[in-house]
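Asker: Build me a model from this:
(one chain, ligands or ions: 1)
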Amino acid sequence: MSKPTVVRTRQELKGALRQLPGRLGLVMTMGALHEGHLSLIRESKKHADSVMVTVFVNPTQFAPGEDFDAYPRDLEADLEAVSRVGADLVFAPSAEEVYPHGDASVTIDPGPVAKVLEGETRPTHFAGVCLVVHKMFNITGADVAVFGQKDAQQLAIVRQMVRDLDMPIEIVSAPIVRAEDGLALSSRNSYLSADERTRALSLSKALRAGKDAASAGATSTEIKEAASSVLTDANVRIDYVELVDPVSFESIESGEGVLAIAAYVGSTRLIDNTILEVRGADAK
Ligand code: AMP
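Answerer: Purely as a prediction, here's the structure:
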């Protein structure tokens, strides 16, 4: 596949976008690209004539003390990865290019979905996500954007923002890409030592246990217990194990749900989830 055009500024982006024919697909990333990101690019090509990728570690979605400075950055490797799947354009702006006026004074309140799970531990995170997503939608004029189910709560919030604010863009989701041993691919996996990486497998194993319990007709409480019972490693500290509605992110007792886990493996915070059907006590 050929190398994508790479642009750093809005001005360059404007010119490059004029060269792209037809419906524009957008894949937003923070770089350190892996197969999960590449699957989004492949999916985007099914829905658009041209595909662009943003590589931008967005400061406004990190709180003080989080890993903004440590977050892995390797644009050369990212361009190499993108050229393997064949996106047309990469926009890799600086923070000043995205936020030329400093902190935005008009911001987006992502509402109740942003207050639970990830939002409880990271209270300012989703407002920062909505801000950068909305800006990138405006800057690029994309027709369709693909987001990963890996960040299920982010996906739900972006869908709600697009719906509630009538944003003229289609949102498509793509399934979680995992390593062969089950670990969900994440740029943050690079923080893990070999020992921690082995311990991190307990997240996907816990989801598997929860899913098996659901298939066997367990209640939502039993499903969460089945998942939690796998997370016994003292070096894996659970932040939450929750079973929620995929749209409202409220707890559910029956129907389709997202079983979501966040846990610290050493000092690295990882998230993972799976979709399952809670048939509940009545089905027993
Ligand atoms: P990030 O670079 O972590 O901000 O992620 C950029 C996009 O890639 C988001 O829509 C993520 O949900 C998606 N993504 C990250 N990891 C995976 C994965 N393992 N499988 C599928 N999509 C992913």
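Asker: List the beta-bridge partners for the residue in the stretch 51-200 of the chain that the ligand sits nearest to.
Answerer: Per C-beta to the nearest ligand atom, Gly148 is where the stretch 51-200 of the chain lies closest to the ligand, at 2.4 Å. Every residue, glycine included, has its C-beta placed from N, CA and C. Taking DSSP bridges as the rule, Gly148 bridges to Ala174.
Asker: Let me see the contact set for it.
Answerer: 36-37, 39-40, 155, 173-177 (C-beta atoms under 8 Å, 6 or more residues apart in numbering).
Asker: out of those residues, who has the most neighbours?
Answerer: The most crowded member of the contacts of Gly148, judged by other C-beta atoms under 10 Å, is Leu40 (29 neighbours).
Asker: Quick check: the gap between Pro64 and Thr124.
Answerer: 10 Å (C-beta to C-beta, to the nearest Å).
Asker: thinking again about what came up before, among the contacts of Gly148, which ones lie close to the ligand?
Answerer: 36-37, 39-40, 174, 176-177 (C-beta under 6 Å from any ligand atom).
Asker: Adding pLDDT, write the residues you listed out as a markdown table.
Answerer: Shown next, in a markdown table, are the ones next to the ligand among the contacts of Gly148 (pLDDT from 0 to 100):
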| residue | pLDDT |
| --- | --- |
| Gly36 | 98 |
| His37 | 98 |
| Ser39 | 98 |
| Leu40 | 98 |
| Ala174 | 98 |
| Ile176 | 98 |
| Val177 | 98 |
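Asker: Nearest to Asp103 among those residues?
Answerer: When the ones next to the ligand among the contacts of Gly148 are ranked by distance to Asp103 (C-beta to C-beta), His37 comes first, at 28.0 Å.
Asker: Model confidence at the residue lying closest to that closest one once chain neighbours are set aside, what's the number?
Answerer: In space, and not counting its chain neighbours, His37 is closest to Thr29: 5.1 Å by C-beta to C-beta, 6 or more residues apart in numbering. Note for Thr29: predicted pLDDT of 98.
Asker: Count the neighbours of Thr29 for me.
Answerer: 23.
Asker: which stretches of the chain form helices?
Answerer: Counting by DSSP state H, the chain has helices at residues 10-18, 35-47, 75-85, 95-98, 118-121, 125-140, 152-164, 194-215, 220-228.
Asker: Can you say which of those is nearest to Leu259?
Answerer: helix 194-215 (4.6 Å).
Asker: Name the surrounding residues that touch that closest one.
Answerer: Contacts for helix 194-215 (C-beta under 8 Å, 6+ apart): 178, 181-184, 189, 192, 222-224, 226-231, 233, 235-236, 241, 243, 259, 261, 263, 265-266, 268, 270, 272-274, 276-279.
Asker: For ChimeraX, what selects the buried ones among those?
Answerer: This is the ChimeraX syntax for the buried subset of those, where burial follows 16 or more other C-beta atoms under 10 Å:
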select :183,184,189,192,222,223,224,226,227,228,230,231,236,241,243,259,261,263,265,268,270,272,273,274,276,278,279
